[in-house]
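Enquirer: could you look at this predicted model? Sequence included:
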Amino acid sequence: MVTITEVIPYKMDILLAEPFSISFKTYTHSHGSFVVIKTDEGIEGYGEGCPDKPITGDSQEESLIFLEKASKYLVGAQVDIENIHGILDKVERELFPSQTARNAIDIAIYDILGKLEDKPIYKMLGSSSPNIVPTTLTIGLRSIEETKESARKYMERFEKNGLRRIKLKLSGDPESDFQRVSAVIDVFPGEITLDANQGYKDPKEAVKTLEEIYGIAGKRVILVEEPVPKGELDLLKYVSDNSPIPVFADESAATLEDVRRIAETGSASGINIKLQKAGGVYYARKIADISREYGLKLMVGCNEETFVAISAAINFVASDSSVINADLDSDLLVIDVQITEENPLEYFRNGSRYPTDKPGLGITLKNWFRDLLYGKISLKKIPSGNDRTDNL
């Protein structure tokens, strides 16, 4: 068996291309982690964590503490996914849960396993050909005119990529949400998904708004995510039972236990699986199994992730034919720095994300990024002018 010889966690902060707003937060940076796992076979695996406390349940600080602790336990361990998650269970018992730290380690291990088998992850998981579904490109909360202009820009910028679906963030304000959806369907001929990010406190108001949106857009609106507060399954069920638009749980569906409760209570029509909140591919597969058992539909989403983490999600989608929608766009829209040799746009075709078909995650780190990781480059901004505190 292949053995882990070193685990190197990094804190990784990335300035977003532009601020991105949802119902409860505006993002300016991606505050996450990067992990390199080395083996005695000379094979390296790469992983990325992207915590967001209200969504994943952990902060960047908690994720990094978990990674540091786990790194000590993982050295000397065999590269076996069950064994690895057993070790991570032990770390969780000693510290606290960190789904994004689990995800970073999980996808690094799958990257190694795929390289060992000389297969992309989706083939290693048993799919001979990739499941390909349309991905949405997301428009955050903006004014009505800015929202319409964003849709136009997406249509122009991604015309060659065959853009088919746009995702609109909702604010929880019925009038502005209706107007923003109306503005987009006037200029964009494709399908739309909605994401309220818990914006509606009153489920009846949520249903009324969704009915009005369905009235102008019809089946072009294929789903709405998390319309009411996280964990309020009675409210979620009310909206799901009465909305003409299928309701998918996102923030309420993080762990296996969350998903099982949603499934058993019939609180939603579908589940948004994010590897960051599931704890990686290993647990995402278990969530998918539960969802299929109860007839729930599946989509796969993301946080503010680079092409490294997005590649893991693309491979997971490619491995599971029950996934009907993807929201894998952060590396196309908000992450303005590329750390891989692969250009993400080359794997966005016909409105869908495609795996690279190379072993493991299918990514190669850029030389400058590897030099940063291994200490060959060290950068620190030097104060100048009025910022200087010395007399030089």
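Expert: That came in fine, so what should we check first? Given the structure is predicted, the values throughout are model-derived calculations rather than measurements. Numbers count the residues shown, from 1 in each chain.
Enquirer: buried stuff in stretch 227-246?
Expert: Buried residues in stretch 227-246, counting neighbours by 16 or more other C-beta atoms under 10 Å, are found at 227-228, 230, 233, 235-240, 243, 245-246. Backbone N, C-alpha and C define where each C-beta goes, glycine included.
Enquirer: now that stretch: how far from the chain's centre is it?
Expert: 22 Å (C-alpha atoms, centre = their mean, to the nearest Å).
Enquirer: what does that stretch rub up against?
Expert: 54, 170, 194, 196, 198-201, 203-204, 206-207, 210-211, 213-214, 221-224, 226, 247, 249, 251-252, 261-262, 265-270, 297 (C-beta atoms under 8 Å, 6 or more residues apart in numbering).
Enquirer: just stretch 60-69 next, same as before
Expert: 7, 9, 11, 31-33, 35, 49, 51, 58, 91-92, 94-96, 98, 100-102, 104-105.
Enquirer: so which of the contacts of stretch 227-246 sit within strands?
Expert: Using DSSP state E, the subset of the contacts of stretch 227-246 located in strands is L194, V221, I222, L223, V224, V247, A249, G270, K297.
Enquirer: between which two of those residues is the distance greatest?
Expert: Greatest spacing in these, by C-beta to C-beta: V221 and A249 (17.2 Å).
Enquirer: between these two, which one's more packed in?
Expert: More crowded of V221 and A249, by other C-beta atoms under 10 Å: A249, with 27 against 21.
Enquirer: list the residues that contact the more buried one.
Expert: By C-beta under 8 Å, 6+ apart, the neighbours of A249 are E225, E226, L236, D258, V259, I262, S267, A268, G270, I271, N272.
Enquirer: same question, E346
Expert: Neighbour list for E346: empty [criterion: C-beta under 8 Å, 6+ apart].
Enquirer: what's the answer for D329, then?
Expert: T135, T136, L137, T138, K167, C302.
Enquirer: that one and E304, how far apart?
Expert: For D329, the distance to E304 equals 10 Å [C-beta to C-beta, to the nearest Å].
Enquirer: what do you get for G76?
Expert: 33 Å.
Enquirer: look at those two and report which has more neighbours.
Expert: Between G76 and E304, E304 has the larger neighbour count (other C-beta under 10 Å), namely 22 against 10.
Enquirer: so what does the closest residue to K358 other than its chain neighbours have for phi and psi?
Expert: Using C-beta to C-beta, 6 or more residues apart in numbering and skipping the chain neighbours, the partner closest in space to K358 is P120 (6.4 Å). Main-chain dihedrals, P120, degrees, to the nearest 10: phi -70, psi 160.
Enquirer: quick check, pLDDT for P120.
Expert: For P120, the pLDDT comes out at 98.
Enquirer: what about E264, neighbour count?
Expert: For E264, the count of nearby residues is 11 (other C-beta under 10 Å).
Enquirer: the closest residue in space to D118 that isn't next to it in sequence: how many residues sit nearby?
Expert: Spatial nearest neighbour of D118, excluding adjacent residues (C-beta to C-beta, 6+ apart): P359 at 5.2 Å. P359 has 20 neighbouring residues, counting by other C-beta under 10 Å.
Enquirer: out of the buried residues of stretch 227-246, which is nearest to K376?
Expert: Of all the buried residues of stretch 227-246, K376 sits closest to K230, with 43.1 Å by C-beta to C-beta.
Enquirer: ok, back up a step: among the buried residues of stretch 227-246, show me the least confident.
Expert: K230 (95).
Enquirer: that one: what secondary structure?
Expert: Following DSSP: H, G, I helix; E, B strand; the rest coil, we place K230 in the coil state.
Enquirer: so what's it closest to, chain neighbours aside?
Expert: Closest to K230 by C-beta to C-beta, 6+ apart is E251, at 4.2 Å.
Enquirer: continuing past the lengthiest helix in the chain, what's the next helix or strand?
Expert: If you go by DSSP state H, the chain has its longest helix at helix 99-117. Scanning forward in sequence from helix 99-117 by DSSP states H and E, the next helix or strand is helix 121-124.
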